[in-house]
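**Q** Sequence and predicted structure are below.
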Amino acid sequence: QVQVVESGGGLVQAGDSLRLSCAVSGRTLSTYAMGWFRQAPGKEREFVAAISRSGGNTRYADSVKGRFTISRDNAKNTMYLQMNSLKPEDTAVYYCAAEPTVYPITVVTTEDQYDYWGQGTQVTVSS
């Protein structure tokens, strides 16, 4: 059984940095394309960033481009989201998602394509 668990959320001030982690168990991380999504209060869940199995390809939402960096360490079965220059509008529950794929360079950016999801971790940015 595959489990996806996020960690690293918290309360920070605007301009601060935070790093989220996503651990995958039950199957090796290297078989998954991975992604981060977020859901703010009263809003739908939205795409944040995605990374291919190999780690060589990444995609970002325009709202986080240049501030957030997605990465992965397949040896540790862990994916990361480094968030810099945080803004109050980044406040949301952040979700990690995993999609098994045979293609090492595929990046998955749509919610419907992901099979496995974590429970989410809260990120709150105060002004």
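**A** Right, received. Where do you want to start? Residues are numbered from 1 along each chain as shown.

**Q** where along this protein do the strands fall?
**A** Under the criterion DSSP state E, the chain carries strands at the ranges 3-7, 10-13, 18-25, 32-39, 46-51, 58-60, 68-73, 78-83, 92-100, 116-117, 121-126.

**Q** looking at the ones you listed, which is buried most?
**A** Mean neighbour count (mean count of other Cβ atoms under 10 Å) peaks for strand 32-39 among these, with a mean of 24. All C-beta atoms are positioned from the backbone trio N, CA, C, and that covers glycine.

**Q** mean confidence for that strand?
**A** Averaged across strand 32-39, pLDDT comes to 97.

**Q** any idea of the angle it forms with strand 18-25?
**A** Note on geometry: by axes from the mean of the first three to the mean of the last three Cα atoms, to 10 degrees, strand 32-39 and strand 18-25 are set 130 degrees apart in direction.

**Q** What strands flank strand 32-39, and is each parallel or antiparallel?
**A** According to DSSP bridges, strand 32-39 has the following sheet partners: strand 46-51 (antiparallel), strand 92-100 (antiparallel).

**Q** now the strands of the chain as a markdown table including distance to Thr106?
**A** A markdown table is the format used below for the strands of the chain (distance: least, Cβ to Cβ, whole Å):
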| stretch | distance to Thr106 |
| --- | --- |
| strand 3-7 | 18 |
| strand 10-13 | 32 |
| strand 18-25 | 17 |
| strand 32-39 | 5 |
| strand 46-51 | 9 |
| strand 58-60 | 11 |
| strand 68-73 | 14 |
| strand 78-83 | 15 |
| strand 92-100 | 8 |
| strand 116-117 | 16 |
| strand 121-126 | 25 |
